[in-house]
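Q: Sequence unavailable; structure follows:
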């Protein structure tokens, strides 16, 4: 029997908690059963973006493309996707190139959302699906581009506001500080330790000796580990956060 491969993708891990996975899986299974095809539903890129093509350079889609290229997936096999935007949200030229490469390799691409089938045989008789595919791919890229621009603008505005108001941008901060009442506050014992590390380095002590001293004095690490390591000292010395 002819084999069909369902490819399921969504961009964020949070979508795994929603209906996207179940919906895409159920649609693919129903279509394969209706057309008497053996379904392989192992191709899943969950939490992988297609805007810059990450899904074709890593993960399940990359593996599928490689198997098509080296002949492990036979000509005449089906690739089932909910929509072309599951395959790519790159520019139309890039997305179309991937689609045409699959078609030329003998793969029949099926999009469940609009019932289209893209194959060499069909396109020789009717090129209308090509127009449809270009429109779908253009819309998918534009949606992702606009979303990316809006997120970037919102983040820039947030940074500008934080800079003007002198408030932390996020709760994340160096280990020797903490955010309290919307402002950075020093943690005196940790600030003193950072200063000590720099002073002992200036005095000529190496990282191993500094580690030995801190551990012998029983000084706790910033993150509650079992002891200090040279990598911990290096992180302090190399941090630009100490510059303020």
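A: Nice, thanks for sending it over. All of these numbers come straight from a predicted model, not from anything done at the bench.
Q: What's the mean pLDDT across stretch 110-120?
A: The predicted model gives stretch 110-120 an average pLDDT of 95.
Q: Tell me which residues touch the residue nearest the centre of the chain, please.
A: Ranked by distance to the mean C-alpha position of the chain (CA atoms, centre = their mean), the top residue is residue 48 at 4.5 Å. If a contact means CB atoms under 8 Å, 6 or more residues apart in numbering, then residue 48 has 9, 11, 54-55, 58-59 as its contacts. Any C-beta I mention is one placed from the backbone N, CA and C, and that applies to glycine too.
Q: Okay, and it sits in which element?
A: Residue 48 is located outside every helix and strand, with elements delineated by DSSP states H and E.
Q: Secondary structure element holding the residue nearest to it when sequence neighbours are not counted?
A: Spatial nearest neighbour of residue 48, excluding adjacent residues (CB to CB, 6 or more residues apart in numbering): residue 55 at 4.7 Å. Using DSSP H and E, residue 55 sits within helix 54-57.
Q: What is the helix or strand following that helix packed up against?
A: Later in the chain than helix 54-57, the nearest helix or strand by DSSP H and E is helix 59-69. Contacting helix 59-69 under the criterion 3 or more CB pairs under 8 Å, 6 or more residues apart in numbering; DSSP states H and E are the following elements: strand 3-10, strand 38-46, helix 54-57, helix 92-104.
Q: Tell me the strands beside the following helix or strand past the last one, with direction?
A: Which is helix 92-104. Scanning forward in sequence from helix 92-104 by DSSP H and E, the next helix or strand is strand 108-111. Sheet neighbours of strand 108-111, with direction, are listed as strand 78-81 (parallel), strand 116-118 (antiparallel) (DSSP bridges).
Q: so residue 92 touches residue 139, yeah?
A: No: with contacts counted by CB atoms under 8 Å, residue 92 stays clear of residue 139, the gap being 9.7 Å.
Q: Of these two, which one has the most company?
A: Neighbours around residue 92 and residue 139, counted as other CB atoms under 10 Å, are more numerous at residue 92. The numbers are 18 against 15.
Q: any idea of the pLDDT on residue 199?
A: At residue 199, the pLDDT recorded in the model is 96.
Q: The one 10 residues further on too?
A: What the model reports as pLDDT for residue 209 is 96.
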